[in-house]
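J.: Here's a sequence, model it:
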Amino acid sequence: MPKTLAEIALDAGLIDRTEVARAARAAEQRGVPLVVALVRDAGVDELALLAALRKQTRVKAMDPAAVRPEIEALRMVPKDLCRRHRVLPVSVGRDPGGAQVLRVAMADPTDAAALAEIEHVSSSEIEIAVLPLSAIEELTELGFRGIETQIRRVRRPFGEGVVPSTEPHGRGNVGDDTSVTTQTVPFHSVADEADAGLRLRALVRLLEAKGVLADGEMEAAVIELMRSGRASDATDSDED
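T.: The predicted structure is shown next:
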């Protein structure tokens, strides 16, 4: 029977049984894989643990600097699953028989539950490689960030490609959904419905509020115009 991660760490002298038990409790409480608790809580050296895993499982190790996850592979496994199990989809291909093969890197290649879930969601055969925990986490974030950036770039800005028209409203050619027209509507102001007297009083009130027109100036101006009008009428009468 294959050894578990805890057994491999114990056999390699990287941790004792008390520390393994403590790490297992911490992993269960926080809902993280045991490999995370071993490295982050128990202080197990992740490179030494990787070497022990390679020796016991015969799983090939990958060079973190050379890993370039393929977009197609990343899209086959949900991001939350990758984060939860510390798994990185790397590439996708076919075996000689034509079956789809998903190559993944794992911090714990002995995690059978994680492998079963990945195999299920990807509908693929799984080929495993091993990477240090920190490399898995960093490359996973970078890979999925690249997908999100790509999606944002291909989204067309709102209104792009729409050409407004002031021609009379119409549907365009039948079946042509790209024909977009707008109907010109005459501008209408509520103030247009008021009579001249009301609009004049509103104007006076506005000018007084802004300090342009002092109290009584409007009345004085009206009186002056009335006097000028009467004088003009009197002159016209004398000429007649």
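
J.: Show me which positions of stretch 43-57 end up buried.
T.: For stretch 43-57, burial by neighbour count (16 or more other CB atoms under 10 Å) applies to 44, 46, 49-50, 52-53, 56-57. From N, CA and C alone the C-beta is placed, and that goes for glycine too.

J.: mind listing which of those residues are in helices?
T.: Within the buried residues of stretch 43-57, residues falling in helices by DSSP state H are 46, 49-50, 52-53, 56-57.

J.: picking up where we left off before, of all the buried residues of stretch 43-57, which comes closest to Met226?
T.: Glu46 (98.5 Å; CB to CB).

J.: Now do the contacts for the closest one.
T.: Residues in contact with Glu46, defined by CB atoms under 8 Å, 6 or more residues apart in numbering, are 39, 107, 132-134.

J.: Kindly report the same for His85.
T.: Contact analysis of His85 by CB under 8 Å, 6+ apart lists 33, 106, 111, 114, 117-118.

J.: domains of this protein?
T.: Domain segmentation of the chain under automatic domain parsing yields 1-58, 59-154.

J.: any chance of the ones you listed in TSV, plus mean pLDDT?
T.: Below are the domains of the chain laid out as TSV (pLDDT from 0 to 100):
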stretch	mean pLDDT
domain 1-58	96
domain 59-154	93
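
J.: Same list as before, these that is, but in TSV and with distance to Ser228 included.
T.: Formatted as TSV, the domains of the chain follow (distance: least, CB to CB, whole Å):
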stretch	distance to Ser228
domain 1-58	92
domain 59-154	71
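
J.: To Ala221, which of the ones you listed lies closest?
T.: For Ala221, the closest of the domains of the chain is domain 59-154, at 63.4 Å, according to CB to CB.

J.: Tell me the gap between that closest one and the middle of its chain.
T.: In terms of CA atoms, centre = their mean, to the nearest Å, the centre of domain 59-154 is set 22 Å apart from its chain centre.

J.: Break down the chain into its helices, ranges please.
T.: So, for the chain - with DSSP H - the helices run 5-11, 17-30, 34-40, 46-57, 71-74, 79-85, 112-122, 133-154, 196-209, 217-239.

J.: from the ones you listed, which stretch is densest packed?
T.: Using mean count of other CB atoms under 10 Å, the stretch among these with the greatest mean number of neighbours is helix 34-40 (a mean of 22).

J.: how close does the spatially most central residue of the chain get to Lys79?
T.: In the chain, the centroid-proximal residue (CA atoms, centre = their mean) is Glu148; its distance is 7.2 Å. Per CB to CB, to the nearest Å, Glu148 is found 9 Å from Lys79.

J.: Thanks a lot, catch you later.
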